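Peer 1: got a structure for you, letters missing:
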């Protein structure tokens, strides 16, 4: 596991695609990032999660008090998240915001979308580049709902390339969504941290 940052309280790693952040319910869903890391360091705790097929920056806390302080930052929305995604189709506008009440619409596989009794969900986006059959977008989730970016982009007709639930039936080796940065003030030292991970698919298909 590639370590992006660590000190006495925090560890940030680069999660690969195809690996669960934490164990699932089935026997075949027990292998996970946190399970692997806790073999060497049992006190590690997940501060947040990434979907199985999403790669990129994942923050972990060393111990219960560190987890509590980090969780407070996330709950207060004092952590800025930046993602990169390749989406189907050329996005015509340069930037925008997607906002609607969101809830789970389907249980297996879980699928989320617009629902009048759902919770507020907001994401901002900006076009990084366009190529023959798609676009690469910067994404800033302003709320933290499950599948938020995936459902939001699908709702405007530009699903993430390779998304097995919301995407078009196009074969790819992975889902093209990467958590590329987390920015926040360290809960112990007060230092401004910007944890970065370069998306491995940036050079693909952008000619």
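Peer 2: Great, that's in hand. Keep in mind the model is a prediction, meaning the values are calculated, not measured.

Peer 1: shaky segments in the chain?
Peer 2: Per-residue confidence for the chain (pLDDT under 70) gives these ranges: 168-171, 203-207.

Peer 1: what are the boundaries of the strands in it?
Peer 2: Taking DSSP state E as the criterion, the chain carries its strands at 2-6, 10-15, 44-46, 55-62, 80-88, 95-106, 111-114, 119-130, 134-141, 177-185, 192-196.

Peer 1: the second one pairs with which strands, parallel or anti?
Peer 2: Just to be clear, that refers to strand 10-15. Partner strands for strand 10-15, per DSSP bridges, with pairing direction: strand 2-6 (antiparallel), strand 55-62 (antiparallel).

Peer 1: likewise for the third one?
Peer 2: When pairs are called by DSSP bridges, strand 44-46 turns out to pair with strand 55-62 (antiparallel).

Peer 1: distance from the partner strand to the middle of the chain?
Peer 2: 11 Å (Cα atoms, centre = their mean, to the nearest Å).

Peer 1: what does stretch 154-164 give?
Peer 2: Computed by Cα atoms, centre = their mean, the separation of stretch 154-164 from the middle of its chain amounts to 15 Å.

Peer 1: name the residues of that stretch that are buried.
Peer 2: Along stretch 154-164, these residues count as buried under the neighbour rule (16 or more other Cβ atoms under 10 Å): 154, 158, 159, 160, 161, 162, 163. To be clear about C-beta, it is placed using only N, CA and C from the backbone, and glycine gets the same treatment.

Peer 1: including distance to residue 104, could these go into TSV?
Peer 2: Conversion of the buried residues of stretch 154-164 to TSV gives the following (distance: Cβ to Cβ, whole Å):
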residue	distance to residue 104
154	15
158	22
159	18
160	18
161	23
162	22
163	16
